[in-house]
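> no sequence on this one, just coordinates:
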């Protein structure tokens, strides 16, 4: 490579590896962590390219199972819809409880567990104890969201 070796940071910023093949990135990951590959004067989402190469088709949405948008290993990618992709989102940053699907209902002075099922909001129940509300929310996510249930906490917590 001439008189200077490639540093780890330079390699990470300029190249992507897909199943043992190395490709030059044109551009960088966006602020949300998604990686793009330059091709034919346009940018392609790396995770969609990986999915297409491994499955032969592109679904409506390609979901990162672990929620990490820069983890484009095929084992981490799965076909999704807008609805199932939304199920895999972590707890909102503005959550007062820090627990997904658990909010404080001021009028009742209780924690309420609710989630979306088939594009409709469903209230699961009201609880005086936040720990019980958290357990009920996790069970409801498992029951209604299945493989797309994400029990993640706030990032950095």
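Structure's in. What do you need? In this text, all values refer to a predicted model and were calculated from it rather than measured experimentally.

> All the strands of the protein, residue numbers only.
Ranges of strands in the chain, per DSSP state E, are 15-18, 21-24, 36-39, 42-45, 61-64, 77-80, 102-105, 110-117, 120-127.

> Out of the ones you listed, which gets the lowest mean score?
For the strands of the chain, mean pLDDT drops lowest on strand 21-24, to a mean of 70.

> Parallel or antiparallel, which strands does it pair with?
Paired with strand 21-24 in the same sheet, following DSSP bridges, are strand 15-18 (antiparallel).

> and the gap between the residue nearest the centre of the chain and residue 13?
Nearest to the geometric centre of the chain sits residue 67, at 2.8 Å (Cα atoms, centre = their mean). Residue 67 sits 23 Å away from residue 13, going by Cβ to Cβ, to the nearest Å. C-beta coordinates here come from the backbone N, C-alpha and C atoms, glycine included.

> same check, this time on residue 109
According to Cβ to Cβ, residue 109 stands 51 Å off from residue 13.

> which residues touch stretch 71-80?
With contact meaning Cβ atoms under 8 Å, 6 or more residues apart in numbering, stretch 71-80 is reached by 16, 18-19, 35, 46-47, 50-51, 54-55, 59-66, 68, 88, 147-148.

> Many thanks, have a good one.
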